[in-house]
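J.: any chance you can model this:
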Amino acid sequence: MPTSEAHLCAVRAIADWIAASKITKGYLFRKFASGDRVAEANQPMTSERFLEMFRNNLIDIGVDPSSYISKPWVA
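T.: Predicted coordinates:
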């Protein structure tokens, strides 16, 4: 992958997430506590919350989420 596209690498993104979240064991995607901090308890993030965050990130970068989401969103 060219260096100019390194930000698109899924492996690099997961490695960055592990480093930022300081998770060393348990669920990779955990529930969030207040202030957008990873919860101390080893509880998984719900699929609904994951999809909501994914959708919001797509919107943040100007990508229409309807191409990636198979079910309608309720606002």
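J.: low pLDDT regions in this structure?
T.: 69-75 (pLDDT under 70).
J.: find the nearest non-adjacent residue to residue 41, please.
T.: residue 31 (7.4 Å; C-beta to C-beta, 6 or more residues apart in numbering). Placement of C-beta: from N, CA and C, glycine included.
J.: relative to residue 35, how far out is residue 20?
T.: Per C-beta to C-beta, to the nearest Å, residue 20 is found 14 Å from residue 35.
J.: ok, these two, which is more surrounded?
T.: Counting neighbours by other C-beta atoms under 10 Å for residue 20 and for residue 35 shows that residue 20 has the greater number, 9 against 5.
J.: helix, strand or coil for that one?
T.: Assigned state for residue 20: helix (three-state reduction, DSSP: H, G, I helix; E, B strand; the rest coil).
J.: can you tell me which residues contact residue 27?
T.: 42, 43, 44, 45 (C-beta atoms under 8 Å, 6 or more residues apart in numbering).
J.: neighbours of the first one, how many?
T.: In other words, residue 42. Here the number of neighbours of residue 42 (other C-beta under 10 Å) works out to 11.
J.: just the last one next, same as before
T.: Applying other C-beta under 10 Å, we find 17 residues neighbouring residue 45.
J.: which residues are in contact with it?
T.: Under the criterion of C-beta under 8 Å, 6+ apart, the neighbours of residue 45 are 27, 29, 30, 31, 32.
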